[in-house]
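**Q** Mind folding the following:
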Amino acid sequence: MIIPISTFVSLLTFVSLVNGGVIYRGSSHGSLDESGSLDKRQTTGGTAKTTADVPKFAYGTPSPRYPGVVATGKNGPTNPSKPSLGTPVNQTSISRLVSINSVDDWCTFGPKDSSQELGSVEEEVVAYCTKPRNGARIIPDGTVTGAHFVKTPLYVQVMAHGDFTKINFQSGDTGGELDPHGATEKGNPHGGNVTSNVSGKDVFYEEWMNYVGYNIMCFRVCIAGSDIAPPKTECQHTLDEMGCWSVMPGDYSDDVFDTCDADAAYPPGIYVTGGTTSSFQQYATGVWTDDGDLKTFTNGVSTQKTPTTAMSTPSSSNCKKVATIGNGITSLLSPSASGSARIAEVSNSTSGSAKQTSSSKSSSSQATASSQATTSSDTSDTDSQSSTGSSDSSSKSSASFQSPSWLHVPILLAALAVATIAL
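**A** Predicted coordinates for the structure are as follows:
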C-alpha cells in the first residue's frame with residue numbers, strides 16, 4: 001500500500017490501533033508456524049541488511065512527557081515496588097520487573113523452567129537480569145557472548161547474543177515476543193513492568209518490546225515520543241516474523257560489548273521509497289489463549305509479503321567498548337521443572353572466596369527477598385507507576401518468618417535439661 005507522506009501520522013496511528021496486542025502463534029493449518037517463522041530472525045546475526053539511500057527518520061521533537069511515555073497502570077503484584085540493585089539471588093523468583101539501563105545492567109524475560117518453549121508460556125515468563133536486582137533471577141556469567149546498548153532520542157535498546165539455555169530456554173527454541181499488551185491487554189507476561197534510569201532516575205515506561213530465543217535477544221523501551229513517533233508506534237511490536245534485526249535494527253555482532261548513542265530508527269513496518277511512505281502489516285492466522293480458552297485470529301492480508309530487509313540501520317556515535325560484562329556469579333543451576341530450589345555460587349570480589357546463596361522453595365521467601373531489597377534508587381527518584389497490573393493473585397505471599405521445624409527439637413531438649421537440674 002503506497003500513501004502520500006502527508007498521511008504518515010494517521011497511518012502510524014491506524015497501524016497501532018489495528019495491530020495492538022496481537023501475539024502470533026501459528027495454528028496447525030495457519031500460514032505462520034511460530035518456530036519456523038522465528039527461526040530466521042533468531043539465528044540471524046551481524047549488522048542488518050538495509051535498503052539503500054534511505055533518508056534519516058525525521059521524528060520531530062521528542063518529549064519524555066509525551067502522552068503514553070510514562071506508565072500509568074498498576075505495578076504487577078509479583079514485583080517489588082521499585083527497581084533496585086543488590087537484591088538477594090533467587091533462581092525461583094517470579095518477579096516480572098525488568099530494567100534496561102546499560103550494556104552491563106539489563107534484563108530480559110524468559111521461561112520459569114525448561115519444560116516448555118517460550119511460545120507456550122508467554123503469559124507467565126519471569127525476569128532475568130545481568131545484575132542482582134529487582135528481586136529477579138540472575139543471568140549467570142558466561143551466558144551473554146555479545147551485547148550492544150544504544151540510547152536514541154526516542155528509545156533505549158539492548159541487543160545480545162548468548163546461550164540462553166542457561167536461563168531455561170530449550171535448545172533450539174527460537175522464542176517469541178513479549179510486550180505490555182498481549183492479546184488480552186493484560187500483558188505478556190501478565191504483570192510485567194519495565195523501567196530505565198537513562199534519564200537520571202528510575203522511570204516506569206508504558207511501551208516496550210522484547211524478542212528473545214535460545215541464542216539471541218533484543219529489547220526496546222520507548223522513553224520519549226512526538227506526534228510523528230508516539231511511543232506505541234516506535235515500539236510497535238506485532239511484526240514477529242520480521243525479527244530482531246528488522247524490527248529493532250542495530251549492531252548484532254557477537255563477541256563485542258559496547259554502548260553507543262544512535263539515531264532513532266523508523267517505526268517497525270514503515271518504509272520510505274522514492275519519497276513515498278508504505279506500511280507493512282504482518283499477515284498471520286492462528287490461535288491465541290485467553291485465560292485457557294483458544295481463540296482464532298487473522299491479521300493483515302495474505303497478498304502482502306514479509307520484507308526481507310530492514311528499513312534502515314540508524315547511524316551510531318560515541319561508542320565505548322568493554323571487554324565483557326559480569327556479575328561475579330560463576331555458576332548457577334536453573335530451577336527444575338517442578339520449581340525446586342538450586343544453589344548459586346557467588347564470587348567475593350574482595351577476598352576471592354566463594355559463598356553460597358540458597359534460593360528458597362516457597363513463595364513467602366520470594367516476598368521476603370523483595371521486602372529485604374535495599375536500594376540503590378531513592379523512592380523520591382522513582383516514577384513508580386507501571387504498565388500492566390494483572391497477574392496471578394496467588395503469587396502474593398506473606399513475608400513472615402517461621403523457624404524450621406528441626407530447630408524445635410534441640411530447644412525442647414534444652415528446656416527439659418534445665419528443668420531436671422532445677423529439680
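**Q** CA atoms for contacts and neighbours, from now on please.
**A** Will do.
**Q** now the helices for the chain?
**A** Secondary structure of the chain by DSSP state H: the helices cover 8-19, 34-42, 231-234, 244-247, 363-372, 408-422.
**Q** These: lowest mean pLDDT?
**A** Among these, helix 34-42 has the lowest mean pLDDT, at a mean of 32.
**Q** residues of stretch 177-195 that come out buried?
**A** Under the neighbour-count criterion of 16 or more other Cα atoms under 10 Å, stretch 177-195 has 177-184, 186-195 buried.
**Q** Ends of it, what's the gap?
**A** End-to-end distance of stretch 177-195 (Cα to Cα, to the nearest Å): 18 Å.
**Q** try stretch 129-147
**A** End-to-end distance of stretch 129-147: 13 Å, with Cα to Cα as the criterion.
**Q** and the gap between residue 154 and residue 248?
**A** Using Cα to Cα, residue 154 is found at 13 Å from residue 248.
**Q** Which one's more surrounded, these two?
**A** Neighbour comparison, residue 154 and residue 248: the larger count goes to residue 248, with 30 against 27 (by other Cα atoms under 10 Å).
**Q** Phi and psi next, for the more buried one.
**A** Here is the backbone geometry of residue 248 (degrees, to the nearest 10): phi -120, psi 70.
**Q** okay, it: pLDDT?
**A** pLDDT recorded at residue 248 is 92.
**Q** what does residue 204 give?
**A** Looking at residue 204, its pLDDT reads 99.
**Q** any idea how far residue 248 is from residue 78?
**A** In this structure, residue 248 and residue 78 are 29 Å apart, going by Cα to Cα.
**Q** oh sorry, the question was meant for residue 63
**A** The spacing between residue 63 and residue 78, counted by Cα to Cα, is 31 Å.
**Q** which of the two has more neighbours?
**A** A count of neighbours by other Cα under 10 Å puts residue 78 above the other of residue 63 and residue 78, at 29 against 16.
**Q** Could you verify my assumption that that one touches residue 96?
**A** Yes - under the contact definition of Cα atoms under 8 Å, residue 78 touches residue 96, with a separation of 6.7 Å.
**Q** which stretches of the stretch 301-423 of the chain aren't confidently modelled?
**A** Under the criterion of pLDDT under 70, the regions of the stretch 301-423 of the chain flagged as low confidence span 301-312, 330-423.
**Q** In the stretch 51-200 of the chain, where is pLDDT below threshold?
**A** Counting by pLDDT under 70, the stretch 51-200 of the chain contains low-confidence ranges at 51-53.
**Q** hmm, 80 instead?
**A** When residues are selected by pLDDT under 80, those of the stretch 51-200 of the chain lie in 51-54, 183-184.
**Q** Please enumerate the strands of it.
**A** Under the criterion DSSP state E, counting those that start in this stretch, the stretch 51-200 of the chain carries strands at the ranges 97-102, 105-110, 126-129, 137-138, 144-151, 155-162, 176-178, 193-196.
**Q** Please name the bridge partners of residue 126.
**A** Beta-bridge partners of residue 126, counted by DSSP bridges, are residue 110.
**Q** residues touching it, list them.
**A** 93, 94, 95, 96, 109, 110, 111, 112, 136, 137, 189 (Cα atoms under 8 Å, 6 or more residues apart in numbering).
**Q** give me every residue that touches the third one.
**A** Okay, so that is residue 95. For residue 95, the contact set (Cα under 8 Å, 6+ apart) comprises 78, 79, 80, 126, 127, 134, 135, 136, 137.
**Q** and for residue 78 and residue 96, which residues touch both?
**A** Shared contacts of residue 78 and residue 96, defined by Cα under 8 Å, 6+ apart, comprise residue 191.
**Q** For residue 85, name its beta-bridge partners.
**A** On DSSP bridges, the residues paired with residue 85 through beta bridges are residue 133.
**Q** Count residues in the vicinity of it, would you?
**A** Residues lying near residue 85 (other Cα under 10 Å) number 16.
**Q** I'd assumed residue 132 was in contact with it.
**A** Yes - counting by Cα under 8 Å, residue 132 is a contact partner of residue 85 at 6.0 Å.
**Q** count of residues packed around residue 84?
**A** A count of neighbours around residue 84, defined by other Cα under 10 Å, yields 21.
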